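Asks: Next comes the sequence, and after it the predicted model I'd like to discuss.
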Amino acid sequence: MKTFDQVLPQIREVLNAQDGSALNSIGTLIINRDLNGKVRLIVSDSVEENESALNVLQSITEELLIRLENRAYPFERAVLFEKELDLIKRDAPCFPLEDFENVFVIDRLVTEGNWTEIAPVTTGAPRIVFFSIKGGVGRSTALSAAAWAFAQMGKKVLVLDLDLESPGLSSSLLPFERRPKFGIADWLIEDLVGNGAAVFDDLTATSPLSHDGEIYVVPAHGRDPGEYVSKLGRVWMSKIDGGHKKTWSQRLNKLIFALEQRWNPDVILIDSRAGIDEVASSCVADLGAGLILLFSIDGEQTWSGYRILFSHWRRSAVAREIRERLQIVGSMIPELDAPEYFSSLCERSYDLFTDELYDEIPAGGVTGDFWSFDQDDYGAPHYPWAIKWHRSFAALRSLHSRLYVIDPEEVSLIFGDLIEGLKRAINIGENSHE
């Protein structure tokens with residue numbers, strides 16, 4: 001019996017066994033992996049008139065049936081002939097098969113999450129995603145502190161709580177009486193029926209932490225969540241708009257663009273859902289963020305989770321499109337044995353980036369010609385921006401009041417490395433918003 005993980009390696013072996021010119025006679029070959037993990041081949045309909053190419057396809061499918069057993073089909077059901085292969089490739093997550101120039105894999109997934117299509121960086125206000133593999137690592141607290149720091153500098157900050165299934169950011173930045181009537185989930189629901197404009201003006205509230213700048217908070221839900229559980233069952237839906245399908249992340253992008261036009265922020269901070277699911281994939285890959293902060297603690301769950309994600313990017317040939325946007329954040333650095341803990345965190349992070357994302361430098365190669373860094377390079381994406389654990393910031397419950405009266409030096413002591421890193425990354429200065 002062949003397992004799911006054996007499918008693509010077996011296909012590579014079968015294709016490698018084919019004569020190169022014979023394989024080229026097929027032209028573009030698409031491996032269609034369906035919802036059950038079974039494989040069909042898709043080729044251009046012009047191949048139907050090419051007897052030699054058909055013979056090659058029959059040879060490939062017969063061998064795949066032997067090797068993959070119930071994950072493959074006999075020849076008469078294994079090959080689909082299509083006129084527009086480019087349309088087929090755009091219909092689902094698609095990536096090149098490793099070692100083959102004209103062979104692609106299409107993954108048919110139950111969800112619309114797609115970690116392999118990386119949106120280009122937006123040209124508007126810088127978007128920064130706060131992401132973690134697991135929850136409870138201080139991600140939302142750090143975002144709140146960063147928003148506070150930018151506001152102290154006179155900046156306009158737009159904060160989006162996209163952790164829809166575990167909302168809470170609004171409670172850290174807004175006292176209850178200042179929370180808006182609606183939230184992001186409400187807009188996504190109303191947009192399905194063309195009613196988004198009816199709630200748009202009541203999505204945003206300003207935080208009392210704003211000081212010299214402004215912090216505009218768009219929560220996951222409004223002051224009265226209403227039937228929030230029922231809404232969550234619908235927010236991820238696509239809709240047909242003008243005869244075209246709009247995925248939920250495309251709809252979300254539409255909302256963010258409208259909010260950006262409305263508030264004209266200097267920076268947009270996005271609190272992502274933790275984990276490797278479709279919501280997180282949209283936050284990390286679909287929203288055009290120029291900086292993605294990867295919150296980490298030195299534990300096996302952190303590194304195994306990020307390795308799964310990095311490896312997926314590498315195998316899908318999209319690592320180069322996203323790797324320069326990544327930055328490890330060392331969250332909740334303990335008070336005791338902090339140097340030893342940080343050293344281990346940095347070493348594990350370096351090993352991960354070296355194995356999955358950094359270029360391998362050949363003997364005699366020049367480092368500057370490759371995307372790679374030394375382990376102790378402070379400016380490298382693997383080198384953690386440190387956030388110290390402190391009991392004052394161990395919970396979100398009363399953070400809006402805590403930051404309101406806190407000594408800025410204390411914030412700098414705990415979050416200074418993160419705040420300075422953010423300022424460098426997006427080239428934001430101390431001047432007031434104009």
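Replies: Arrived safely, thanks for sending.

Asks: Show me this structure divided up by domain.
Replies: 4-107, 127-426 (automatic domain parsing).

Asks: Could you save those domains as CSV and add columns showing mean pLDDT, distance to Pro120 and mean neighbour count?
Replies: Quick note: C-beta positions are derived from backbone N, CA and C, even for glycine. As requested, the domains of the chain are exported to CSV (pLDDT from 0 to 100; distance: least, C-beta to C-beta, whole Å; neighbours: other C-beta atoms under 10 Å):
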stretch, mean pLDDT, distance to Pro120, mean neighbour count
domain 4-107, 90, 16, 16
domain 127-426, 89, 6, 18
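
Asks: As a markdown table, those domains with distance to Trp115 would be great.
Replies: A markdown table is the format used below for those (distance: least, C-beta to C-beta, whole Å):
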| stretch | distance to Trp115 |
| --- | --- |
| domain 4-107 | 8 |
| domain 127-426 | 5 |
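
Asks: ok, Gly213 - contacts?
Replies: Contacts for Gly213 (C-beta atoms under 8 Å, 6 or more residues apart in numbering) come out as 150-157, 266, 432-433.

Asks: any idea how far Ile18 is from Ile30?
Replies: For residue 18 the amino acid is Gln, not Ile. Separation of Gln18 from Ile30 (C-beta to C-beta, to the nearest Å): 16 Å.

Asks: List the residues that contact the most centrally placed residue in the chain.
Replies: Most central in the chain under C-alpha atoms, centre = their mean is Val284, positioned 2.0 Å from the mean C-alpha point. Taking C-beta under 8 Å, 6+ apart, we find Val284 in contact with 115, 129, 131, 272, 292, 322.

Asks: Out of the residues you listed, which sit inside helices?
Replies: With DSSP state H as the criterion, helices contain Ile322 from among these.

Asks: Among the contacts of Val284, name the ones in strands.
Replies: Here DSSP state E is the test, and these give 129, 131, 292 as lying in strands.

Asks: Isn't the second one up against Ala280?
Replies: Yes - counting by C-beta atoms under 8 Å, Ala280 is a contact partner of Phe131 at 6.5 Å.

Asks: which neighbours do those two share?
Replies: Going by C-beta under 8 Å, 6+ apart, residues that sit against Phe131 and also against Ala280 are 272, 274.

Asks: thinking again about what came up before, can you say which two of the contacts of Val284 are spatially most distant?
Replies: Ser272 and Ile322 (14.1 Å; C-beta to C-beta).

Asks: which ones are touching Pro74?
Replies: Counted by C-beta under 8 Å, 6+ apart, Pro74 has contacts 61, 65.

Asks: Please tell me how far it sits from Asn36.
Replies: Relative to Asn36, and taking C-beta to C-beta, Pro74 is found at 16 Å.

Asks: First-to-last residue distance for stretch 257-273?
Replies: Start and end residues of stretch 257-273 are separated by 20 Å (C-alpha to C-alpha, to the nearest Å).

Asks: Val105 belongs to a strand?
Replies: Yes - according to DSSP: H, G, I helix; E, B strand; the rest coil, Val105 belongs to a strand.

Asks: So what does the spatially closest residue to it that is not a sequence neighbour look like in phi/psi?
Replies: Leaving out its chain neighbours, the residue that sits closest to Val105 by C-beta to C-beta, 6 or more residues apart in numbering is Ile31, at 4.7 Å. Per-residue torsions, Ile31: phi -90, psi 110 (degrees, to the nearest 10).

Asks: can you tell me which residues contact Ile31?
Replies: 8, 11, 39, 41-42, 97, 103-106.

Asks: do that again at 10 Å, thanks
Replies: Applying C-beta atoms under 10 Å, 6 or more residues apart in numbering, we find Ile31 in contact with 7-8, 11, 15, 39-42, 64, 94, 97, 100, 103-107.

Asks: Contact partners for the closest residue to Phe176 other than its chain neighbours?
Replies: With sequence-adjacent residues excluded and distances taken as C-beta to C-beta, 6+ apart, Phe176 is closest to Arg223, at 7.0 Å. Counting by C-beta under 10 Å, 6+ apart, Arg223 touches 170, 174, 176-183, 202, 205.

Asks: from those, which single one is nearest Arg139?
Replies: Ser170 (14.7 Å).

Asks: just checking, that closest one touches Gly183?
Replies: Yes - taking contacts as C-beta atoms under 10 Å, Ser170 lies within contact range of Gly183: 7.6 Å.
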